[in-house]
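[1] coords below, sequence missing:
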């Protein structure tokens with residue numbers, strides 16, 4: 001409308017709509033943020049307690065938390081085809097040696113070399129992996145000794161490592177151990193062990209998409225903090241304008257009132273357009289809604305419209321401060 005024009009205005013003001021929506025959104029977003037973060041934290045804690053193939057770590061640089069789920073990597077008998085007598089562990093050949101490997105679980109099968117060496121498969125000690133060659137068999141680590149850590153403490157997204165110790169004796173002072181290096185590769189899927197290095201302290205290289213860390217969603221907390229900050233700023237500036245700037249206790253004391261009005265008006269236009277569209281899609285909704293409104297509307301809204309002077313903003317608008 002033109003500045004200075006007298007128009008008819010109902011009790012609904014755009015700035016009131018914007019402020020009410022902002023104030024109501026703060027506790028709503030706070031509840032959603034709390035629920036989201038609590039659910040994610042509980043999921044991480046439950047996963048860590050329930051399965052050895054979950055890992056959670058914080059970056060010492062940024063303090064951000066990262067979570068890994070490698071439960072798809074271990075070979076399990078449940079993955080075997082129906083009716084199969086046996087399943088194969090992961091295997092890597094190196095010169096005349098063959099390594100049979102598993103992770104987060106013992107190797108499912110006892111290699112032939114181990115059965116011949118020990119005389120029976122029941123006598124072969126359980127292990128996460130076996131190092132075999134012509135006539136020899138060594139266990140590579142005890143499942144109960146598994147320890148997770150990061151490949152690079154400063155760059156958690158690169159991947160992580162899993163170390164098992166307590167394998168067969170290698171020399172007078174050293175027992176065999178195996179350290180899986182899981183490198184993040186989003187295109188690798190589950191992947192397989194690619195190479196084995198070392199003689200007593202083995203390192204297994206494994207590229208897999210499951211080594212790519214995931215982070216808890218921060219969408220709702222970010223929205224909550226943003227809306228809380230906006231609300232605190234508007235309230236603080238409003239009080240400042242009243243107490244310090246000696247402005248009148250009305251809408252013009254709200255900081256950036258023109259922007260607030262524009263946002264409120266846009267929300268009202270959207271609501272009206274939505275209501276009109278709903279009326280076209282569902283005829284009769286308008287009549288029922290109006291009947292309910294007339295029945296339950298507040299008494300102070302029944303006096304009808306009143307003439308109000310509309311200007312583009314008073315000379316003492318808070319937009320000036």
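    Okay, I see it. Just so it is clear, the model here is predicted, and its values are computed rather than measured. Residues are numbered from 1 along each chain as shown.
[2] tell me which residues touch residue 157, please.
    Counting by Cβ atoms under 8 Å, 6 or more residues apart in numbering, residue 157 touches 66, 184, 212, 213. Heads up, the C-betas are built off the backbone N, CA and C, glycines and all.
[3] can you check residue 127 too?
    By Cβ under 8 Å, 6+ apart, the contact set of residue 127 is 106, 107, 139, 140, 141, 142, 143, 167.
[4] three-state assignment of it?
    Under DSSP: H, G, I helix; E, B strand; the rest coil, residue 127 falls in the coil class.
[5] for it, give its distance to residue 228.
    Computed as Cβ to Cβ, to the nearest Å, the residue 127 to residue 228 distance reads 54 Å.
[6] now swap in residue 179 and tell me
    46 Å.
[7] can you check residue 105 too?
    46 Å.
[8] same check on residue 64?
    Between residue 64 and residue 228 the distance is 21 Å, computed by Cβ to Cβ.
[9] one more: residue 153?
    Distance from residue 153 to residue 228, by Cβ to Cβ: 33 Å.
[10] with residue 96 instead?
    Residue 96 is 66 Å from residue 228, by Cβ to Cβ.
[11] looking at these two now, which is surrounded by more residues?
    residue 228 (17 against 8; other Cβ atoms under 10 Å).
[12] isn't residue 247 right up against residue 254?
    No. Residue 247 is beyond contact range of residue 254, at 9.7 Å (criterion: Cβ atoms under 8 Å).
[13] tell me the pLDDT of residue 52.
    Note on residue 52: pLDDT of 73.
[14] thought it was touching residue 144?
    No. Counting by Cβ under 8 Å, residue 52 does not reach residue 144; the two are 9.6 Å apart.
[15] what about the two, which has more around it?
    residue 52 (17 against 10).
[16] so the more buried one, which of the three states?
    Put simply, residue 52 is coil when judged by three-state DSSP.
[17] how about residue 260?
    At residue 260 the chain is in helix, as set by three-state DSSP.
[18] now tell me which helix or strand of the chain has the poorest mean pLDDT.
    Least confident helix or strand of the chain, by mean pLDDT, DSSP states H and E, is strand 306-309 with a mean of 41.
[19] so where do the helices sit in the stretch 51-200 of the chain?
    Using DSSP state H, counting those that start in this stretch, the helices of the stretch 51-200 of the chain run over residues 112-118.
[20] quick one: low-confidence ranges for it?
    51, 61-63, 81-86 (pLDDT under 70).
[21] ok, 90 please
    51-72, 75-88, 108-109, 119-122, 134-135, 148-150, 152-157, 170-174, 199 (pLDDT under 90).
[22] strands of that one, residue ranges please.
    Here the stretch 51-200 of the chain has its strands, by DSSP state E, counting those that start in this stretch, at 54-58, 65-69, 90-94, 97-101, 129-133, 136-139, 147-150, 159-164, 177-184, 193-197.
[23] what would those look like in JSON lines with mean neighbour count?
    Below are the strands of the stretch 51-200 of the chain laid out as JSON lines (neighbours: other Cβ atoms under 10 Å):
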{"stretch": "strand 54-58", "mean neighbour count": "17"}
{"stretch": "strand 65-69", "mean neighbour count": "18"}
{"stretch": "strand 90-94", "mean neighbour count": "15"}
{"stretch": "strand 97-101", "mean neighbour count": "20"}
{"stretch": "strand 129-133", "mean neighbour count": "23"}
{"stretch": "strand 136-139", "mean neighbour count": "20"}
{"stretch": "strand 147-150", "mean neighbour count": "15"}
{"stretch": "strand 159-164", "mean neighbour count": "22"}
{"stretch": "strand 177-184", "mean neighbour count": "22"}
{"stretch": "strand 193-197", "mean neighbour count": "16"}
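[24] which stretch among those comes nearest residue 274?
    strand 65-69 (39.4 Å; Cβ to Cβ).
[25] and the angle from that closest one to strand 177-184?
    Using axes from the mean of the first three to the mean of the last three Cα atoms, to 10 degrees, the direction of strand 65-69 lies 110 degrees away from that of strand 177-184.
[26] residue 14 - how many residues pack around it?
    Residue 14, neighbours per other Cβ under 10 Å, totals 18.
[27] and the closest residue to it other than its chain neighbours, how far is that from residue 27?
    Nearest non-adjacent residue to residue 14, counting by Cβ to Cβ, 6 or more residues apart in numbering: residue 264, 3.2 Å away. Distance check for residue 264 against residue 27: by Cβ to Cβ, it reads 20 Å.
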